[in-house]
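[1] coords please:
(chains A and B)
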Amino acid sequence: MAFATTRPRRKKRFFRRRRVCRFCADSNLKIDYKDGKTLRYFLTERGKIIPRRISDNCAKHQRQMTLAIKRARQMALLPYTITQSI
Amino acid sequence: MRKYENFFMVQPDLSEDALGAVAGKFRGVVESNGGTVVSYVPWGKKKLAYPVKKHDYGYYILMKFAAGPELIAELERNMRLDERVLKFITVKLDDDYSPEQNGTEADVVPSDEAQPGLAVREDEDEDDVELEDEEA
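    Purely as a prediction, here's the structure:
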């Protein structure tokens, strides 16, 4: 929205709902590598870590999240990968 | 002294006695090397995300203790040698900690459920990605 005056050529301006990192919004939420069920929300079905642009985590919490997921993988709480059977 | 936690997993088919022996052994390792066990909580049997040494389940135990950095090497050496231990991870929780001041912790086993307040947004995410593509 701030660019609207400096870049008038762009006609279409898609509205993007501004969302905040849910860990910043709610201080009760904790990122813990031992909590596999919670970390699973940040994995795809195949077991990849969901990127920040989709998960809406802030940089700080995404960093904590990736570290926690990697630790959880070591402890077999989360999968490294989920192979799909054909 | 630093505060550490050691989260480890033992074979799922151990008897009560064997679990007691495991507890005794690693508590002993910590105590005899100048550390203090703050809490020792068995989390119970859980399904593993992938098989470990042919086991589909593992018995998880969380041990928190106060110790100096030298103790970690000794504890991990013992864990590596012990066949009952399938996996372990040691994490430093606090750089400066004294068990006398802070007392012991309650032995709480956390619930198996995910934390509330996360589940809502799954489907919202998708339309947002499309918007971003068009914008580019």
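[2] show the low-confidence segments of chain B, by residue range.
    Low-confidence segments of chain B, defined by pLDDT under 70: B:99-108, B:117-136.
[3] quick one: the helices in it, in order.
    B:16-32, B:69-81, B:99-102, B:124-135 (DSSP state H).
[4] how about residues contacting the second one?
    This points to helix B:69-81. B:2, B:4, B:6, B:8, B:25-26, B:29-30, B:33-35, B:85, B:88, B:90 (Cβ atoms under 8 Å, 6 or more residues apart in numbering or on different chains). Just so you know, the C-beta spots here come from the backbone N, C-alpha and C atoms, and that holds for glycine as well.
[5] list the buried residues in it.
    For helix B:69-81, the buried set under the neighbour-count rule, 16 or more other Cβ atoms under 10 Å in any protein chain shown, comprises B:L71, B:I72, B:L75, B:E76, B:N78, B:M79.
[6] what angle sits between it and helix B:16-32?
    When axes from the mean of the first three to the mean of the last three Cα atoms, to 10 degrees is applied, the directions of helix B:69-81 and helix B:16-32 differ by 150 degrees.
[7] residues in chain A within reach of chain B, list them.
    Residues of chain A that fall close to chain B, judged by Cβ under 8 Å from any Cβ of the partner chain: A:12, A:14-17, A:22, A:26, A:28-30, A:33-38, A:40-41, A:53-56, A:71, A:73-80.
[8] so of these, which ones are in helices?
    A:R22, A:G36, A:K37, A:T38, A:R53, A:I54, A:S55, A:R71, A:R73, A:Q74.
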